[in-house]
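Novice: Pasting the sequence and the predicted coordinates here, then a few questions.
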Amino acid sequence: MRASSYLVASLVFAVPSSAFTGHQDTLLALNTFQPPGMPGTEYGRFFDVAARKPHLNLTEPPARLDLARPAYYRMSLPKATATASPPPFALEIPPVPPKPFVRTFNRLMKKREARGYDELIREHSRKLGLDPRLVKSVIAAESEFTARAISPAGALGLMQVMPATAGYMGVPASSLFNPEANIRAGTRYLSYLFARAWKRYHLKGVPYRKAPAWLIQRIIASYNAGPRFLARRKLYRETRDYVKKVMLFYRSKLTDINHRP
């Protein structure tokens, strides 16, 4: 070790430790300073800032320094409180159905198929905890009980299920004209939307049948336009009309489920 290096180290020890009280930043500067020609390991073995005592060998970095910090740095900020997002607004469903709806209602009431799928609707709704009248309302709005209906977008069958959606629900797209397979795919997709809504709005333990009215509307909107509309505050005009149509069917006798004989 060079003589100049020993000189610096001896000067450090010559100053009383009381002189450094309240000047820990100075100690930190001294500890991080390395005199020319002195390896860091040799310099560190003479002085440890945290302990203020000789250190035989600096094989590990010194313990974390507890230096004084400004008051603003020590201030504890208030913890963020978890608040549930406000529910999207609900559409106003007219208490008196408009004339176009009344005409559609009267026409479908005369249709034999309007009562031909009740058993399938009841069976698949019961398995998934859904309201069978809601499922029947979706069928009335989507296809008017036409098993081989095809939309311009490519949705198929009674519940107008897209082939890709059917695949995700575990139902082959080739079977969507089959009423049982189509209702199975459509009710599974409805159940999927309910599950997502229950998770988003923290409704664990609440039966699907007891969903609030605004959430039922959002699930219907999502069935029409996609799951993102579970939370969006604005709906397409077409989707708003669709939600109103389903809810009007839901209130009518058209979607009563025939009881077993």
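Specialist: Structure received. Keep in mind that what you see is a predicted model, and the values were worked out from it rather than measured.

Novice: got any ranges where the chain has weak pLDDT?
Specialist: By pLDDT under 70, the low-scoring segments of the chain are 1-87, 259-261.

Novice: Kindly export the longest helix along it (C-alpha atoms) in CSV.
Specialist: The helix that spans the most residues within the chain, counting by DSSP state H, is helix 179-200. Taking C-alpha atoms only, helix 179-200 is exported to CSV below (Å, rounded to 0.1, in the frame of the first residue of the first chain):
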residue,chain,number,x,y,z
PRO,A,179,-82.4,-26.9,-32.6
GLU,A,180,-80.9,-28.8,-29.6
ALA,A,181,-77.3,-28.0,-30.6
ASN,A,182,-78.1,-24.4,-31.3
ILE,A,183,-79.9,-23.8,-28.0
ARG,A,184,-77.0,-25.6,-26.2
ALA,A,185,-74.5,-23.3,-27.9
GLY,A,186,-76.6,-20.1,-27.3
THR,A,187,-77.3,-20.9,-23.6
ARG,A,188,-73.7,-21.6,-23.0
TYR,A,189,-72.7,-18.3,-24.5
LEU,A,190,-75.3,-16.5,-22.4
SER,A,191,-74.0,-18.3,-19.3
TYR,A,192,-70.5,-17.2,-20.3
LEU,A,193,-71.6,-13.6,-20.4
PHE,A,194,-73.4,-13.9,-17.1
ALA,A,195,-70.1,-15.3,-15.5
ARG,A,196,-68.1,-12.4,-16.9
ALA,A,197,-70.7,-9.9,-15.6
TRP,A,198,-70.7,-11.6,-12.2
LYS,A,199,-67.0,-11.3,-11.9
ARG,A,200,-66.8,-7.7,-13.1
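
Novice: Can you mark which positions in it are buried?
Specialist: 179, 181-194, 197-198 (16 or more other CB atoms under 10 Å). For the C-beta atoms, the positions are set from N, CA and C on the backbone; glycine is no exception.

Novice: Who are the packing partners of that helix?
Specialist: Using 3 or more CB pairs under 8 Å, 6 or more residues apart in numbering; DSSP states H and E, the elements in contact with helix 179-200 are helix 118-128, helix 132-142, helix 163-168, helix 213-225.

Novice: deepest of the ones you listed, which one?
Specialist: Mean neighbour count, computed with mean count of other CB atoms under 10 Å, is highest for helix 132-142 among the helices and strands packed on helix 179-200, reaching a mean of 24.

Novice: outside of it, which residues touch it?
Specialist: With contacts defined as CB atoms under 8 Å, 6 or more residues apart in numbering, helix 132-142 is touched by 108, 114, 117-118, 121-122, 124-126, 145, 149, 155, 158-160, 183, 186-187, 190, 216, 220, 223, 242, 245-247, 249-250, 254-257.

Novice: Then stretch 224-244?
Specialist: 85, 88-89, 91, 93-94, 141, 193, 196-197, 200, 217-222.

Novice: mind running it again at 6 Å?
Specialist: Contact with stretch 224-244 is made by 88, 91, 93, 196-197, 217-218, 220-222, as judged by CB atoms under 6 Å, 6 or more residues apart in numbering.
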